[in-house]
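Visitor: Show me how the following folds:
(one chain, ligands or ions: 1)
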Amino acid sequence: MSATYKFTEEVNKGFDRAAAYVDASPELLGQVKRCDSLYYISFRIRRDDGTIEVIDAWRAEHSHHRQPTKGGIRFASAVNDDEVMALAALMTYKCAVVNVPFGGAKGGVKIDPRKYSAAELERITRRFTFELWRKHFIGPGLDVPAPDMGTGPREMAWVADTYASLCGAELNAYACVTGKPVSQGGIAGRAEATGRGVFFGLREACNIPEDMKKLGLTPGIDGKRFVVQGLGNVGYHAAKFMIEAGAVLVGVSEIRGGIANPKGIDLEQLMAYRREQGTVVGFPGAAPLPTSPAALEVECDILVPAALENQIAAENAPRIKAKVIGEGANGPTTDDADQLLRERGVLVVPDIYLNAGGVTVSYFEWLKNLQHVSFGRMEKRFDESAYRRLLDAVEESTGKEFTAQELDFFARGADELDLVNSGLEETMAFSYKQLLEGKEELGPDVDLRTTAMVHAIKKVIVAYEELGIFP
Ligand code: NAD
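Guide: Coordinates of the predicted model:
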């Protein structure tokens, strides 16, 4: 980990490298790079014991070239203005890469959520939402938060309820935030979407035979050994889908330590152990490692950093043995480390593509909230009847009868989860294809991160040019 770390500088170094491939004026490029708005808030809350505490919080809206802006709310003790601005910028580029029509934003509340009761977290979330509302930093057409580190569906339900209470008659109030529980206007598949997207993206990358050959690997996910850092929302789900596709989890880095087992770690047993013990260390199915970051250096094919930024730096990059790095987290690799990995021929699948599954499904949730009907509700039964008629015709013309199981399988109409997963898979697969085409145009020496960034900058620039300047 780099000590003199400034997250915005790291993001901007990547931006500058990509901007060299974009034909645009320095002024326009400067506009794309800058953060449009940053809102700092400090407010007081009452702790359960009656004491008063002052809380610092931020919301950054990086780019208004599309509205609403979109990005998670993070609860973590390291949150600061630099971090939210960097994360908001990554959101702008990410949305552009996967064709989600939002500008980028991010919010952060400087607390360690583990040190607060549920009632205190609710008061903090509601007050933060109120502060966003009063300065027009939240709204279905303005700025739409989502979960990030330290927050989840519970907090998003509090955000929605607070906003709806403030804007009683606003029909679309619940579209002010995504990642809500399904019973509160959320969408099936959102909780696992980022991890599922990480899996889809890695599957696309590993399915290119020439790229795998260069790394000395065979195509496909099946049999690949992988390490994950952070068993939270993103890391756990990414690992789950990787394992379902035949990959073997050989190492885990968590906040209180790391573990490894070259023969494989049972993910569900490990999660149960961590729930009981509060740590992964001591898990009977794996050996403890001297430190948590040591897990990043475990012998494997794929490393999935899915915890936080600044984890792979110039200091530890040379010791990383993975041939593919799939960035589940935002900004896990510093610019220096990225260069070292490039020189060693490591394939880095960048955050602004790989973890975009979350915002993609958040976009679907926002659309669902605006249309006030769940996906699949109108057509599921109609499609099933049409498939049945088709199957009847096949039976009649062939004289062969389908079994009840076959009929159920072939005649099933899509429900919301089917459609969400299909939309997510299409987005990740199509965007990877676009990245590969872009890489081909830029030349063999240009890496995927630079390609993705070039792609993103060009799209934002087109929007700015077409919109013109007000007034
Ligand atoms: P989370 O809070 O659910 O999980 C984070 C996990 O990382 C926790 O298990 C925590 O114990 C662990 N962790 C924290 N510090 C660590 C350290 N130093 N070493 C090892 N493990 C550590 O958060 P999340 O929502 O899974 O987000 C993780 C990353 O993914 C963040 O960078 C976030 O910005 C990014 N991301 C999240 C989403 C989403 O939909 N939640 C979408 C895109 C990107």
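Visitor: Show me which residues of this structure are close to the ligand?
Guide: Counting by C-beta under 6 Å from any ligand atom, the residues of the chain close to the ligand are 147-150, 194, 229-235, 253-255, 292, 306-308, 328-330, 355, 358. Yep, even glycine has a C-beta here, placed from its N, CA and C like the rest.
Visitor: can you tell me which of the residues you listed are in helices?
Guide: Judged by DSSP state H, the subset of the residues of the chain next to the ligand located in helices is 194, 233-235, 358.
Visitor: so which pair among those residues is furthest apart in space?
Guide: For these, the maximum inter-member distance is 12.8 Å, found between Gly235 and Gly358 (C-beta to C-beta).
Visitor: Compare the two (neighbour count), which wins?
Guide: Gly358 (27 against 24; other C-beta atoms under 10 Å).
Visitor: Touching, the more buried one and Thr194? I think so.
Guide: Yes: with contact defined as C-beta atoms under 8 Å, Gly358 counts as touching Thr194 (3.6 Å).
Visitor: Mutual contacts of these two, please.
Guide: Contact criterion C-beta atoms under 8 Å, 6 or more residues apart in numbering; residues shared by Gly358 and Thr194: Val234.
Visitor: Kindly state the beta-bridge partners for Ala287.
Guide: Legend: beta-bridge partners of Ala287 under DSSP bridges are Ala260.
Visitor: and the gap between the residue in the chain that the ligand sits nearest to and Leu407?
Guide: As assessed by C-beta to the nearest ligand atom, the ligand sits closest to Gly232 within the chain, at 1.7 Å. Here the criterion is C-beta to C-beta, to the nearest Å. By it, Gly232 lies 41 Å from Leu407.
Visitor: neighbour-wise, which of the two wins?
Guide: The residue with more neighbours, out of Gly232 and Leu407 and counting by other C-beta under 10 Å, is Gly232; that gives 19 against 16.
Visitor: give the contact list for the spatially closest residue to Gly282 that is not a sequence neighbour.
Guide: When the adjacent residues along the chain are set aside, Gly282 lies closest to Pro288, with 6.8 Å between them (C-beta to C-beta, 6 or more residues apart in numbering). Pro288 makes contact with 257-259, 281-282, according to C-beta under 8 Å, 6+ apart.
Visitor: same thing with Val359?
Guide: With the criterion set at C-beta under 8 Å, 6+ apart, Val359 makes contact with 70-71, 91, 94-95, 98, 100, 102, 146.
Visitor: Could you do Lys459 as well?
Guide: By C-beta under 8 Å, 6+ apart, the neighbours of Lys459 are Ala96.
Visitor: do Gly107 as well
Guide: The neighbourhood of Gly107, defined by C-beta under 8 Å, 6+ apart, consists of 57-60, 71-74, 84, 128, 132, 145.
Visitor: go on, Ile320?
Guide: By C-beta under 8 Å, 6+ apart, the residues touching Ile320 are 296-297, 303, 312, 341, 346.
Visitor: for Gly14, same thing?
Guide: Applying C-beta under 8 Å, 6+ apart, we find Gly14 in contact with 335, 338, 449-450, 453.
Visitor: Just the buried residues out of the residues you listed, in ChimeraX syntax.
Guide: The ChimeraX command for the buried members of the contacts of Gly14 (criterion: 16 or more other C-beta atoms under 10 Å) is given here:
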select :335,338,449,450,453
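Visitor: and the contacts of Gly14, which of them are in helices?
Guide: Assigned to helices by DSSP H, the following of the contacts of Gly14 qualify: 335, 338, 449-450, 453.
Visitor: Give me the buried entries from the residues of the chain next to the ligand.
Guide: Buried subset of those (neighbour count, 16+ other C-beta under 10 Å): 147-150, 194, 229-235, 253-254, 292, 306-308, 328-330, 355, 358.
Visitor: In the protein, which residue sits furthest out from the middle?
Guide: Gly399 (49.9 Å; C-alpha atoms, centre = their mean).
Visitor: Can you tell me the SS state at Ala119?
Guide: For Ala119, the secondary structure call by DSSP: H, G, I helix; E, B strand; the rest coil comes out as helix.
Visitor: any idea which helix is longest in the chain?
Guide: helix 416-442.
Visitor: Show me what it is packed up against.
Guide: In this structure, helix 416-442 makes packing contacts with helix 193-206, helix 351-354, helix 357-371, helix 448-467, judged by 3 or more C-beta pairs under 8 Å, 6 or more residues apart in numbering; DSSP states H and E.
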